[in-house]
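In: show me the folded form of this:
(chains A, B, C and D)
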Protein chains: 2
Amino acid sequence: MSDQADLLSEAALTVYRLNGQFLNLGDALARPAELTVAWWQVLSAVEAEPMSVAAIARLRGLTRQGVQRTADLLVDKGLAEYAVNPAHRRAKLLRPTPEGLAAIAQIEPGLTAAAERVMAVLGPGGLEEVIAALKRLSATLDRLTG
Amino acid sequence: MSDQADLLSEAALTVYRLNGQFLNLGDALARPAELTVAWWQVLSAVEAEPMSVAAIARLRGLTRQGVQRTADLLVDKGLAEYAVNPAHRRAKLLRPTPEGLAAIAQIEPGLTAAAERVMAVLGPGGLEEVIAALKRLSATLDRLTG
DNA sequence: TTTTGATTGACAACATGTTGTCGTTATGAC
DNA sequence: GTCATAACGACAACATGTTGTCAATCAAAA
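Out: Here you go, the predicted structure:
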């Protein structure tokens, strides 16, 4: 295998691993609030501003149908609700209920503590640099396929 | 939310997005060989050296049970086979069949082409830097939870 | 040698995400 | 204003990964 192919494979495998690690960390953080990473991901998307399911999917880079199921579950659990969309009769807007906002707020302290521990290891500016690298890679892949 | 928490959330969300992007790219590359990313990930792990299912799981950062199912599917499709393990009666060694090796080889040209396109965008050394950042983050998360 | 704990494979239930399809609704071209 | 196209929600089938449990196997301590 070419050296270049090896590098891209290594990047992909490391991303797969990071994905699992963040899922683990996120589940640990979200469990006290009785949330999962998937629910948190959708709920936090509409925390500041209600959005249609399709808009959440675009924002998060997921498929519309996957977000749809999660959103329905959130509504079922009373953590979010559908509001009428003045701009679209069918595409209702998802927004958190007070319970949903409380769940998100409950995660906050643990998330901040975890972030502080990460920054303590990576040093000041270190996490920003890593994020910049992640985004460079993501933008590159977008150009490749899109 | 604290600035630090925002940063960690941004890192996680970007990793989730990257995960999806690499799954898309990988599936596109693997489809001509009638492989999926999951199959490719397991099959490539034993390309150079046969390994037990548990060892593959550790290498790839997956659960033993998930790899087990994929490995059984690979054997079922004739892309891999179980060989007796002299060191362990129960833990057989997974190894690719000639068909499995051919499937991996078939992916190679497309993978190299994709890698070249990525390197063309990120510049010389750019991909290496990104991988280094990915690994720094992964090692940090390991220290946090393990 | 015996026993105790860790590793491993097997199996099942479940969560999550994708793909495909359909009818509904909005948008823009004509 | 009509019509074609795209966007959207609904629903189902499926792939993949996790969690939990159990018995078999190995390794190390007693």
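In: and the helices in chain A?
Out: Here chain A has its helices, by DSSP state H, at A:3-30, A:37-45, A:53-60, A:64-76, A:98-122, A:126-145.
In: tabulate the ones you listed (TSV), appending mean pLDDT and distance to chain B.
Out: All C-beta spots, glycine's among them, are computed from the backbone N, C-alpha and C. Formatted as TSV, the helices of chain A follow (pLDDT from 0 to 100; distance: least, CB to the nearest CB, whole Å):
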stretch	mean pLDDT	distance to chain B
helix A:3-30	95	4
helix A:37-45	96	7
helix A:53-60	95	7
helix A:64-76	96	10
helix A:98-122	96	4
helix A:126-145	94	4
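In: and those as a markdown table, adding mean neighbour count?
Out: Formatted as a markdown table, the helices of chain A follow (neighbours: other CB atoms under 10 Å in any protein chain shown):
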| stretch | mean neighbour count |
| --- | --- |
| helix A:3-30 | 19 |
| helix A:37-45 | 23 |
| helix A:53-60 | 18 |
| helix A:64-76 | 17 |
| helix A:98-122 | 17 |
| helix A:126-145 | 18 |
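In: turn those into CSV, columns for distance to B:Val42.
Out: Output for the helices of chain A, formatted as CSV (distance: least, CB to CB, whole Å):
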stretch, distance to B:Val42
helix A:3-30, 12
helix A:37-45, 24
helix A:53-60, 28
helix A:64-76, 24
helix A:98-122, 30
helix A:126-145, 23
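In: and those helices: which comes nearest B:Ile131?
Out: helix A:3-30 (5.3 Å; CB to CB).
In: is the closest one positioned near DNA strand D?
Out: Yes. For helix A:3-30, a contact with DNA strand D is found by CB under 7 Å from any atom of the strand, at A:16, A:20, A:23-24, A:27.
In: what's the closest of these to DNA strand D?
Out: Relative to DNA strand D, the closest of those is A:Gly20; by CB to the nearest atom of the strand it sits at 4.6 Å.
In: just checking, the closest one touches B:Gly61?
Out: Yes. Counting by CB atoms under 8 Å, B:Gly61 is a contact partner of A:Gly20 at 5.3 Å.
In: wait, which of the residues of helix A:3-30 next to DNA strand D is closest to B:Thr140?
Out: A:Asn24 (13.4 Å).
In: quick check: closest non-adjacent residue to the closest one.
Out: B:Thr145 (6.3 Å; CB to CB, 6 or more residues apart in numbering or on different chains).
In: separation between the one you found and B:Glu128?
Out: B:Thr145 sits 27 Å away from B:Glu128 when distances are taken as CB to CB, to the nearest Å.
In: same deal with A:Asp3?
Out: 10 Å.
In: A:Val67 now?
Out: 35 Å.
In: do A:Arg58 as well
Out: Plainly put, A:Arg58 is 31 Å away from B:Glu128 if you go by CB to CB.
In: show residues contacting the longest strand anywhere in chain A.
Out: When chain A is parsed with DSSP state E, its longest strand is strand A:88-96. Strand A:88-96 is contacted by residues A:42-43, A:46-47, A:50-54, A:56, A:71, A:74-75, A:79-85, A:104 when judged by CB atoms under 8 Å, 6 or more residues apart in numbering or on different chains.
In: switch the cut-off to 10 Å
Out: Residues outside strand A:88-96 that contact it (CB atoms under 10 Å, 6 or more residues apart in numbering or on different chains) are A:42-56, A:67-68, A:70-72, A:74-75, A:79-87, A:100-104.
In: list the buried residues in it.
Out: A:92-96 (16 or more other CB atoms under 10 Å in any protein chain shown).
In: for those, which one is nearest DNA strand D?
Out: A:Lys92 (6.1 Å).
In: distance of the closest one from A:Lys77?
Out: 17 Å.
In: not counting its neighbours along the chain, what's nearest A:Ala45?
Out: Counting by CB to CB, 6+ apart, A:Ala45 lies nearest to A:Ile56, which is 4.7 Å off, once chain neighbours are set aside.
In: hmm, A:Val46 and that neighbour touching each other?
Out: Yes. Between A:Ile56 and A:Val46 there is a contact at 6.7 Å, judged by CB atoms under 10 Å.
In: list residues touching both of the two?
Out: A:71, A:94.
In: give the contact list for A:Thr63.
Out: A:54, A:57, A:69, B:20.
In: out of those residues, flag the one nearest to DNA strand C.
Out: Top of the list for closeness to DNA strand C, among these and by CB to the nearest atom of the strand, is B:Gly20 at 4.6 Å.
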